[in-house]
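Generate coordinates for the sequence data below:
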Amino acid sequence: MAADNTATARPMTAVRGAGYSSRGQSFDPLNQAANRGPAPPLEAKAEDTPEEKIKQLEHQVNDLIEASCFAHSRGELGLALEKAKEAGRKERILVRQRDQNQTSDQINLDLTYSILFNLANQYEANEMFTEALNTYQVIVKNKMFSNAGRLKLNMGNIYYKQRNFSKAIKYYRMALDQIPKTHNEMRIRIMQNIGTVFIKMGQYSDAITSLEHIMSERPDPKTAFNLILCYFATGDRDKMKRTFQRLLQVDLKIDDEDKYLPHPDDKHANLILEVIKNDTLREKEKQKKAELERCVMAAAKLIAPSIEATFSAGYDWCVDCVKQSPFTEMSNDLEINKAIMYLKQKEFQMAVDVLKSFEKKDTKCAAVAANNLSFLYFLQGDHRQADKYAELAMVSDRYNPSALVNKGNCIYKDGKFEKAMEYYREALRTESSCTEALYNLGLVNKRLGQNESALDCFHKLHAILRNSAEVIYQIATLYDLLDDVPQATEWYMQLIGIVPSDPAILAKLGELYDNEGDKSQAYQYHYESYRYFPSNISIIEWLGAYFIDSQFVEKAIQFFERAAVIQPNQVKWRLMIASCHRRSGNYQQALETYKSIHKKFPDNTECLKFLVRITTDLGLKEAQDYATKLKKAEKAKELREQRASSGRAGSGRAGSGRAGSGQAGSGRSRGGSAESDGGGSARSEDLDGDSGRGGSAGSSRQNSARRTKGGSGMRSLPSADGPYESEERTVDASYVDPLGPSMERPKTAARKRDTAEDGFAEIELGDDLLPE
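Residues are numbered from 1 along each chain as shown. Sure thing, here's the model as predicted:
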């Protein structure tokens, strides 16, 4: 019994091995490896089956849709549209293959919807509105697409962009009917669109109905502002006030700002604060708050003149409402805005009073007010006050770039250009995008002659302000100063693209082309400048000279006639007109023009010369009369020149004393002043026979001419060593007409003239005086 038990006993697994081995043999306790060979190779995937081809096509279509969406997000709208169209083509191939395989019941409707929806979006992004509407219609009319009705909202948006407001309203309402009430957010957005379209159409009562419904359901700043706008348009003063108060009561659902304050004792809380103070949620809160502030400011500006008798009273009411609202900090900004509105209305003293009220308020508002006051005083030319308030602004906030720029401006006006440059550079270090500091720094460099540095500043500014006419003008001017004419011309051409009607820029371009010798381009730009500013004498003169050089003297006449209208007392324009008539061979018209000039300017010798010549050539009897008048005019001119030269010589020798018997420096008794040999306060004796009045009036010309012939009639001063003796002087007070009969007229010239001498012996007649 015992033996049998031993033979049939179950082996003890704790002693007997379980089949594992440390020699790397595979685990096979049932010895199955002996009966099985190596594993068969994997079966090749059949790629030619219709099902596999359909799957591959679906993957390709999905990839194209994704590529289209990514291209749209990068702003590559053309590429996005091309990918969307290619996805549509691939999807049609996919549908045909399903039809051939008789698997039409397996069509992927979601894929088709995605393709059509993406294609419509890309059409809309590329402003192909008709194609987008047609694509949306395909989706909406297909009953197999669920919830396709809400795409009518997109169609309404397209009609709004096309300014087809009636159809936009229609589709918005259709979309509103198909959206269930459970999607309240979407319904509110559609109601906002409807209200906006009604405002665009001028149907303010319908807009008020939609906007009031939104304000009762879910108020927001933009809706409240649009409602204020409607009440302003209808002139409902009370509802404007009430809606402004409702705007201030809008709940932005923003947490308390105190949670972003640092904790001095809790380092862990400070670490968390560093993470959340600039995260996406915080940025969203800032955007909401900025939108509310913008709406409040715009609404106050809009309704202030209407809700009260005066603008000031209306603004004060708005400020009081803001102070009683949860957004009390906006009241200071509103006060600053009030001062700016005073400036726009040219009420400078009121603006100054409002800004000065901030001097004792909190630091931020005081700095803003001081900045505005500094700039205001600077514009008024009170640089001392401007400097004072710039200092106050810098004390309030040393890193305020506007305060630094204002301070630099005040120093610039004092002529301390290097120090002003330091303030502008400090402002740029504080805020690298401060355009005012960069522009002023360029001006200072230009003033100091550092044109390369100035050009660098304005190029940096041009990268920020691409279409600023002032910046482009400074760049062009600097290239002109550096004698880089091609670059200067190119920048002036860019400037003309921005301000095409600026006559000064057009004239400058004409001048550059003229200096380069391109007369046709110079004429084009000078004429364009003349069209915009026909009173510019220099441009008129250039155009007249251009036509004379081009041998089109008839065209030059109209420009000189305009110059004569602008400057009627300038004889040269009338002489140019007469010269043009003479050059063109119209001698009769030239003669008439010269006669009219002589009538208006009888002492003009140039006109008389031409009159003598032209009447002589035409054989007219008036030639002798004009020759006589020419001689008289030349005599008078010569006399005036002699008196002028003697007066200048006397005033130069007499110093600061009173020389002569009369008022030597003021144009009277010029003979005494001219011949005074004593200096300082020496008093010359009067001349024999005359103490007459010389000067600009031309009286007593005979005697003054006699006095200036070398001092032969002047008494000598007594010797400085001898005793002073008084002498009696005989004064001849008789008056002789200087323009009396020609035979009795005294000889005023320094040399004797032969009476038979030709009156034109000393006249040099140029080629332009001769008839052509």
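
From Ser210, how far out is Ala366?
Going from Ala366 to Ser210 by CB to CB, to the nearest Å gives 44 Å. The C-beta positions use only the backbone N, C-alpha and C, and glycine is treated the same way.

more neighbours, those two?
Shown here are Ala366 and Ser210; by other CB atoms under 10 Å, Ser210 has more neighbours (24 against 20).

Setting aside sequence neighbours, what's the nearest residue to the more buried one?
Distance criterion CB to CB, 6 or more residues apart in numbering; nearest residue to Ser210, sequence neighbours excluded, is Gly195 at 3.9 Å.

got the contact list for the one you found?
By CB atoms under 8 Å, 6 or more residues apart in numbering, the contact set of Gly195 is 207, 210-211, 214, 223, 226.

now swap in Lys85 and tell me
Counting by CB under 8 Å, 6+ apart, Lys85 touches Leu119.

do the same with the one 5 residues further on
With contacts taken as CB under 8 Å, 6+ apart, Lys90 has the following neighbours: 57, 60-61, 64.

circling back to that earlier point, can you confirm the residue nearest to Ser210 is in a strand?
No - using DSSP: H, G, I helix; E, B strand; the rest coil, the assignment for Gly195 is helix, not a strand.

quick one: secondary structure of Lys419?
Per three-state DSSP, Lys419 ends up helix.

quick one: it and Ser166, what's the gap?
Distance of Lys419 to Ser166, computed by CB to CB: 65 Å.

Comparing these two, which residue is more hemmed in?
Between Lys419 and Ser166, Lys419 has the larger neighbour count (other CB under 10 Å), namely 14 against 9.

That one and Ile411 touch, don't they?
Yes - the criterion here is CB atoms under 8 Å, and Lys419 meets it with Ile411 at 5.1 Å.

shared neighbours of those two, anything?
Common contacts of Lys419 and Ile411 (CB under 8 Å, 6+ apart): none found.

least confident pick among the contacts of Lys90?
Across those, the bottom pLDDT score, 86, is held by Leu57.

what comes up buried for the one helix or strand that one maps to?
Using DSSP states H and E, Leu57 sits within helix 50-73. Within helix 50-73, the residues scored as buried using 16 or more other CB atoms under 10 Å are 54, 57, 60-62, 64-65, 67-69, 71-72.

What helices and strands are in contact with that helix?
Counting contacts by 3 or more CB pairs under 8 Å, 6 or more residues apart in numbering; DSSP states H and E, helix 50-73 packs against helix 77-100, helix 109-125.

now, of the ones you listed, which is deepest in the fold?
Highest mean neighbour count of the helices and strands packed on helix 50-73: helix 109-125, a mean of 20 (counted as mean count of other CB atoms under 10 Å).

Could you export the helix holding Leu57 as PDB, CA atoms only?
C-alpha atoms of helix 50-73 as PDB (Å, rounded to 0.1, in the frame of the first residue of the first chain):
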ATOM      1  CA  PRO A  50     -11.700  49.300 -54.300                       C
ATOM      2  CA  GLU A  51     -12.300  49.700 -50.500                       C
ATOM      3  CA  GLU A  52      -8.700  50.500 -49.900                       C
ATOM      4  CA  LYS A  53      -8.600  53.100 -52.700                       C
ATOM      5  CA  ILE A  54     -11.700  54.800 -51.300                       C
ATOM      6  CA  LYS A  55     -10.000  55.000 -47.800                       C
ATOM      7  CA  GLN A  56      -6.900  56.500 -49.300                       C
ATOM      8  CA  LEU A  57      -9.000  59.100 -51.200                       C
ATOM      9  CA  GLU A  58     -10.800  60.000 -47.900                       C
ATOM     10  CA  HIS A  59      -7.400  60.500 -46.200                       C
ATOM     11  CA  GLN A  60      -6.200  62.700 -49.000                       C
ATOM     12  CA  VAL A  61      -9.400  64.800 -48.800                       C
ATOM     13  CA  ASN A  62      -9.100  65.300 -45.100                       C
ATOM     14  CA  ASP A  63      -5.400  66.300 -45.500                       C
ATOM     15  CA  LEU A  64      -6.400  68.900 -48.100                       C
ATOM     16  CA  ILE A  65      -9.100  70.400 -45.800                       C
ATOM     17  CA  GLU A  66      -6.500  70.600 -43.000                       C
ATOM     18  CA  ALA A  67      -4.000  72.300 -45.300                       C
ATOM     19  CA  SER A  68      -6.600  74.800 -46.500                       C
ATOM     20  CA  CYS A  69      -7.500  75.700 -42.900                       C
ATOM     21  CA  PHE A  70      -3.800  76.100 -41.900                       C
ATOM     22  CA  ALA A  71      -3.100  78.300 -44.900                       C
ATOM     23  CA  HIS A  72      -6.100  80.500 -44.000                       C
ATOM     24  CA  SER A  73      -4.800  80.800 -40.500                       C
END
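
what's the spacing between that helix and its chain's center?
Put simply, helix 50-73 sits 49 Å off its chain's centre (CA atoms, centre = their mean, to the nearest Å).

contacts for it?
Residues from elsewhere that reach helix 50-73 (CB under 8 Å, 6+ apart): 45-47, 77, 79-81, 83-84, 86-87, 90-91, 93-94, 97-98, 100-101, 103, 108, 111, 114-115, 118, 121-122, 125.

and the angle from that helix to helix 109-125?
Angle of helix 50-73 versus helix 109-125, following axes from the mean of the first three to the mean of the last three CA atoms, to 10 degrees, is 30 degrees.

Could you give the average pLDDT over the helix or strand where Leu271 lies?
Here Leu271, judged by DSSP H and E, is contained in helix 267-276. Across helix 267-276, pLDDT averages out at 80.

Check which element follows that helix along the chain.
Next along the chain after helix 267-276, taking DSSP H and E as the criterion, comes helix 280-307.

For that following helix, name the packing helices and strands.
helix 221-234, helix 237-248, helix 311-323, helix 330-344.

now that helix against helix 237-248, angle please.
Using the same axes, to 10 degrees, helix 280-307 lies at 160 degrees relative to helix 237-248.

Neighbours of the closest residue to Leu292 other than its chain neighbours, how many?
Distances taken as CB to CB, 6+ apart put Pro221 closest to Leu292, at 4.5 Å, once the chain neighbours are dropped. Under the neighbour criterion other CB under 10 Å, Pro221 is assigned a count of 20.

Other residues contacting the helix holding Leu271?
Against helix 267-276 from outside (CB under 8 Å, 6+ apart): 260, 262-263, 282.

Could you identify the most distant pair in these?
For the contacts of helix 267-276, the farthest-apart pair by CB to CB is His263 and Arg282; their separation is 17.0 Å.

Please say which of these two ends up with more neighbours.
Set His263 next to Arg282 and count neighbours by other CB under 10 Å: Arg282 wins out with 15 against 11.

The more buried one and Pro221: what is the separation?
Arg282 sits at a distance of 19 Å from Pro221 (criterion: CB to CB).

And for the helix or strand hosting Cys410, what's in contact with it?
Assigned by DSSP H and E, Cys410 falls within helix 401-413. Residues outside helix 401-413 that contact it (CB under 8 Å, 6+ apart): 367, 370-371, 374-375, 378, 383, 386-387, 389-391, 393-394, 396-397, 419-424, 426-428, 430-431, 434, 436-437, 440, 444.

Repeat the analysis, applying 6 Å as the threshold.
With CB atoms under 6 Å, 6 or more residues apart in numbering as the test, helix 401-413 has contacts from 371, 374-375, 378, 383, 386-387, 390, 393-394, 419-420, 423-424, 426-427, 430-431, 434, 436-437.

Any chance of a PyMOL selection covering the buried ones in those residues?
To isolate the buried members of these in PyMOL, using 16+ other CB under 10 Å:
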select buried, resi 371+374+375+378+383+386+387+390+393+394+420+423+424+426+427+430+434+436+437
